[in-house]
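A.B. asks: Can you look at this prediction? I've put the sequence above it.
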Amino acid sequence: MKNQILSQKKEYLDQLIELLKIPSISADPKYDQAIKKTAHWVEKALINIGCDNVKIYQTAGHPVVYGEKIINKNAPTVLVYGHYDVQPPDPLELWKSPPFEPVIKETSIHPNGAIFARGACDDKGQMFMHIKAVELLIKNNTLDCNVKFIIEGEEEVGSDNLEQFITDHKNKLKSDIIIISDTGIHSMDKPAITTGLRGLSYMEVTVTGPNRDLHSGLYGGTVANPINTLCEMIASLHDQNKKVNIPGFYEKVIEISKSQRQKMNTNNTPEEEFQKSIAISASVGEKEYTTLERKSIRPTLDVNGIWGGYIGEGAKTVIPSKAHAKISMRLVPNQSWEEISELFEKHFKDITPKGVSVQVTTHHGGDAYLTPDGHKAYKAAEMAYHEVFGVVPHAKRDGGSIPIVPMFEKILGCKTILMGFGLDSDAIHSPNEHYGIDNFLRGIETISLFYGHFYKLENT
């Protein structure tokens, strides 16, 4: 299998580069045609590898691409999920090469090269691994499981229409396990399978003061400045120990045992290495927890953007009428994102001082998720990683969120295995996103092997 993959390396990379050139930015309506073009590209790719019943389904937003290969109605069925949309590439000036003109470059972490482009790792490169893996199995006549693909175009904007699609096609999507590659490993020497994801609540707040922007000389010192006020309100959302200062926020958080924490920290990145990787002089976070724990098993609150007033060139002395911020909260198992959103809204309105009004908007969210490491599909993935990487992968919890994972389980009653191959250094959502060629090729090999192991375990 490995030699076959290496012999087709150029073909695989040429195809991936073609896909990465399409600017499928779901957040910006200017790119709607590019989104449609990408959906058709994925449709053609599924047809070319031998999938049947390939179809583009229109939704109220961007389309979903579906395809399947049914080997035997009595065989186990694997549902593969991925997304073809990407994040906006801004700020463009920080890219060393244009985001939609893929280039392959060697780096210290990727001595055999990495492909630099928006979507290289998140998620086009990782999604494409599954298409190539199934293609190999079909060509070699070694595909034992049924496979269904569902590739959507709205993941980066909250997958607003996916739940309706899944509900409407529940019978078509019936499966024994779901595989997603939208996560990562610690390193090529320390492969990992993600067993946990944090949930998400994404909010926007607007603080309004006077009915218009005011001259700061004529009115300064007499009215509440919305930007000053917003900053004070945001600052109060954490206490001196960096805990989130919202009543009820931690009420349903399940504390992880000391022994579990010790076990997970055996795979922790050294603190100095973590700080160096993002060029900071010190780590900051909730007291009495390690950096790894803070970014995986603890809930958080962060400001993702803040704006208001004049931010152009030169000076303009105004007290702004409005100030805005976008705030996200990462959640842990047992925290309901709807409940946390309500707690945030109530608290933010409760701390509104005199002289301003506040509007709170809930954008989207999702609950946290856990997959037991005793599941047959986990064991199949574990064996596949071991075979390819030469070491047994460890289970890890990720700090990120994939809200569709708990939604899949709720509607389809099916567990998900998160078989990611990216690295923290791949700069997803940032300028100069990239994905290691070795990671890409090993991902194809590992996914291919998963099917055989899963089939055997399901039939024992």
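C.D. replies: Noted; the coordinates are in hand. What you see is a predicted model, and the numbers here were worked out from it, not measured in a lab. Residues are numbered from 1 along each chain as shown.

A.B. asks: just the helices in the stretch 51-200 of the chain please.
C.D. replies: Listed in chain order, the helices of the stretch 51-200 of the chain (DSSP state H, counting those that start in this stretch) span 124-139, 162-168.

A.B. asks: Who are the packing partners of the first one?
C.D. replies: Going back to what we said before, that points to helix 124-139. Counting contacts by 3 or more C-beta pairs under 8 Å, 6 or more residues apart in numbering; DSSP states H and E, helix 124-139 packs against helix 9-20, helix 32-48, strand 77-83, strand 146-152, helix 437-458. Placement of C-beta: from N, CA and C, glycine included.

A.B. asks: which one of the ones you listed lies closest to residue 184?
C.D. replies: helix 437-458 (8.7 Å; C-beta to C-beta).

A.B. asks: and the closest one with strand 146-152, angle?
C.D. replies: Helix 437-458 runs at 140 degrees relative to strand 146-152, counting by axes from the mean of the first three to the mean of the last three C-alpha atoms, to 10 degrees.

A.B. asks: Using PDB, list the CA coordinates for helix 437-458.
C.D. replies: The C-alpha coordinates for helix 437-458 follow below in PDB (Å, rounded to 0.1, in the frame of the first residue of the first chain):
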ATOM      1  CA  ILE A 437       3.300  16.100   2.400                       C
ATOM      2  CA  ASP A 438       4.300  13.200   4.700                       C
ATOM      3  CA  ASN A 439       1.200  13.900   6.800                       C
ATOM      4  CA  PHE A 440      -1.000  13.800   3.700                       C
ATOM      5  CA  LEU A 441       0.500  10.600   2.400                       C
ATOM      6  CA  ARG A 442       0.500   8.800   5.700                       C
ATOM      7  CA  GLY A 443      -3.000   9.900   6.300                       C
ATOM      8  CA  ILE A 444      -4.100   8.200   3.100                       C
ATOM      9  CA  GLU A 445      -2.300   5.000   4.100                       C
ATOM     10  CA  THR A 446      -3.700   5.000   7.700                       C
ATOM     11  CA  ILE A 447      -7.300   5.600   6.500                       C
ATOM     12  CA  SER A 448      -7.000   2.800   3.900                       C
ATOM     13  CA  LEU A 449      -5.900   0.400   6.600                       C
ATOM     14  CA  PHE A 450      -8.600   1.500   9.000                       C
ATOM     15  CA  TYR A 451     -11.300  -0.100   6.800                       C
ATOM     16  CA  GLY A 452      -9.800  -3.600   6.900                       C
ATOM     17  CA  HIS A 453      -9.300  -3.500  10.700                       C
ATOM     18  CA  PHE A 454     -12.800  -2.100  11.300                       C
ATOM     19  CA  TYR A 455     -14.300  -4.800   9.000                       C
ATOM     20  CA  LYS A 456     -12.600  -7.600  11.000                       C
ATOM     21  CA  LEU A 457     -13.500  -6.200  14.400                       C
ATOM     22  CA  GLU A 458     -17.100  -5.800  13.400                       C
END
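
A.B. asks: what angle do that helix and helix 124-139 make?
C.D. replies: Using the same axes, to 10 degrees, helix 437-458 lies at 50 degrees relative to helix 124-139.

A.B. asks: Return the set of buried residues in helix 437-458.
C.D. replies: Within helix 437-458, the residues scored as buried using 16 or more other C-beta atoms under 10 Å are 437, 439-455, 457-458.

A.B. asks: Then stretch 322-339?
C.D. replies: 322-333, 335-337.

A.B. asks: swap in stretch 228-240?
C.D. replies: 229-231, 233-234, 237-238.

A.B. asks: my guess is residue 86 meets residue 22, correct?
C.D. replies: No: using C-beta atoms under 8 Å, residue 86 is not in contact with residue 22, being 9.1 Å away.

A.B. asks: Between those two, tell me which one has more neighbours.
C.D. replies: Remark: of residue 86 and residue 22, residue 86 carries more neighbours, 32 against 22, as counted by other C-beta atoms under 10 Å.

A.B. asks: Okay, the residue nearest to the more buried one when sequence neighbours are not counted and residue 357: tell me how far apart.
C.D. replies: Excluding its sequence neighbours, the residue lying closest to residue 86 (C-beta to C-beta, 6 or more residues apart in numbering) is residue 119, at 3.8 Å. Counting by C-beta to C-beta, to the nearest Å, the gap from residue 119 to residue 357 is 40 Å.

A.B. asks: Give me the more crowded residue out of the two.
C.D. replies: Shown here are residue 119 and residue 357; by other C-beta under 10 Å, residue 119 has more neighbours (33 against 12).

A.B. asks: was I right about the more buried one contacting residue 21?
C.D. replies: No: using C-beta under 8 Å, residue 119 makes no contact with residue 21, being 9.9 Å away.

A.B. asks: ok, residue 88 - how many residues close by?
C.D. replies: Residues near residue 88, counting by other C-beta under 10 Å, number 16.

A.B. asks: For it, list the residues it contacts.
C.D. replies: Neighbour list for residue 88: 25, 27-28 [criterion: C-beta atoms under 8 Å, 6 or more residues apart in numbering].

A.B. asks: Fine, thanks again, bye for now.
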